[in-house]
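Visitor: just to be clear, the model below is a prediction. Sequence and coordinates:
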Amino acid sequence: MNNKRIVIISPCRDEETTLERTIASLSAQTRLPDLWVVVDDGSSDRTPGILQEAAQRLPWLRVVRREDRGTRKVGGGVIDAFYDGLAAVDIDYDFVAKMDVDLEFPPRYIERLLEYFDRDPDLAAASGKVFRPENGKLVEEYMIDEMVAGQFKFYRREAFERINGFVRDVMWDGIDFHRARMEGYHTASIHDPDLKIMHLRLMGSSHRSVYHGRLRWGSGQWFMGSCLSYTVASGVFRMREKPYILGGLLIIAGYLMAALRGERRYEDMRFRRELHRWQHARLKALLLGRKPA
């Protein structure tokens, strides 16, 4: 497995407060990537200087610069930047990852993840679990075990290409999970000490505020094609996370506002039918106290 070639792509914009910590984590890996492409999406802070200094000492780091569009564009903008980075890749590779630069992770992260892929040929993508420091403790950012952390998505290339990669829109990191299922793969976020990801900011707070992020989360569910009952259940569940109560309400509100405005939805009707089937099965299992199939 050690001869597998790994490419990591990192879209970033104005990340001076966390970038050096992510560089340090990646530099300390027992299994380094063969190529790390960081796409600077128009930063106006110290990010370009930090990247320039790092690129001078890390031969596997390449920096791609995009013009400043004037604001951070989450969702589709992040994926546009990701594909600009992928277009700059000039080596063959077996694994491709999208990694944010507001993370820290243990030195064996990549080595350990490759061991999971080696044991499971149907594993399309994987990550560890994500935690954030809070009041001297580590708080886990909840996600179901079948999903992969959007902050560090590590994909088997064959599977990534078979699902046609990421859509350039909101919920790209939900749509890819379901498309992988539909293609017969499975994905996973794994509880493993060597795969513990430290998120250096609150999930969904990178653009404007966490409140805006929760509204965007809800409108993203509308776009993806989620059913109302599942979105309401998800919002109620998320009320126990920061920002308490309000965050879950904003997810539901974002969905309803998008519906009332008649915003567009993901056009693949086969995908949306399968998504509804999966969501209804999860809700039914939850109501009956059973483990989802």
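Guide: Sure, I can see it.

Visitor: avg pLDDT for the lengthiest helix in the chain?
Guide: When the chain is parsed with DSSP state H, its longest helix is helix 269-288. Helix 269-288 shows a mean pLDDT of 95 in the predicted model.

Visitor: now find how far off-centre that helix is within its chain.
Guide: 22 Å (C-alpha atoms, centre = their mean, to the nearest Å).

Visitor: stretch 211-221 too?
Guide: 15 Å.

Visitor: same check on stretch 121-129?
Guide: The answer for stretch 121-129 is 13 Å, by C-alpha atoms, centre = their mean.

Visitor: buried ones in stretch 46-54?
Guide: Neighbour-count burial for stretch 46-54, with 16 or more other C-beta atoms under 10 Å as criterion, is recorded at 47, 50-51, 54. C-beta coordinates here come from the backbone N, C-alpha and C atoms, glycine included.

Visitor: the stretch 51-200 of the chain: strands as residue ranges?
Guide: Ranges of strands in the stretch 51-200 of the chain, per DSSP state E, counting those that start in this stretch, are 61-66, 95-99, 103-104, 123-128, 130-134, 137-141, 152-156, 186-190, 197-199.

Visitor: tell me where this structure has helices.
Guide: Under DSSP H, the chain gives helices at 19-27, 47-57, 76-87, 109-119, 157-162, 172-182, 210-224, 228-238, 246-260, 269-288.

Visitor: quick one: which of those helices is nearest Glu140?
Guide: helix 228-238 (13.5 Å; C-beta to C-beta).

Visitor: what is the closest one packed up against?
Guide: In terms of contacts (3 or more C-beta pairs under 8 Å, 6 or more residues apart in numbering; DSSP states H and E), helix 228-238 is packed against helix 210-224, helix 246-260, helix 269-288.

Visitor: can you report how many residues lie near Glu115?
Guide: The number of residues packed around Glu115, counting by other C-beta atoms under 10 Å, is 14.

Visitor: against Arg179, how distant is Ser234?
Guide: Going from Ser234 to Arg179 by C-beta to C-beta, to the nearest Å gives 19 Å.

Visitor: ok, now which ones touch Gly235?
Guide: Contact analysis of Gly235 by C-beta atoms under 8 Å, 6 or more residues apart in numbering lists 218, 248-249, 251-252, 255.

Visitor: same thing but at 7 Å, please
Guide: Counting by C-beta atoms under 7 Å, 6 or more residues apart in numbering, Gly235 makes contact with 248-249, 251-252.

Visitor: do the same with Arg31
Guide: Arg31 is in contact with 110-111, 114, counting by C-beta under 7 Å, 6+ apart.

Visitor: any idea how far stretch 170-188 is from the chain center?
Guide: 12 Å.

Visitor: how far does it stretch from one end to the other?
Guide: Start and end residues of stretch 170-188 are separated by 21 Å (C-alpha to C-alpha, to the nearest Å).

Visitor: what sits up against it?
Guide: Stretch 170-188 has contacts (C-beta under 7 Å, 6+ apart) with 75-76, 79, 122-126, 145-148, 150, 153, 159, 162-163, 166-167, 216, 219-220, 223-224, 266, 271, 274-275, 278.

Visitor: quick one: which of the buried residues of stretch 46-54 is nearest to Asp90?
Guide: Of the buried residues of stretch 46-54, the one sitting nearest to Asp90 (C-beta to C-beta) turns out to be Leu51, at 18.8 Å.

Visitor: count of residues packed around the residue lying closest to that closest one once chain neighbours are set aside?
Guide: Excluding its sequence neighbours, the residue lying closest to Leu51 (C-beta to C-beta, 6 or more residues apart in numbering) is Val63, at 4.8 Å. Val63: 19 surrounding residues under other C-beta under 10 Å.
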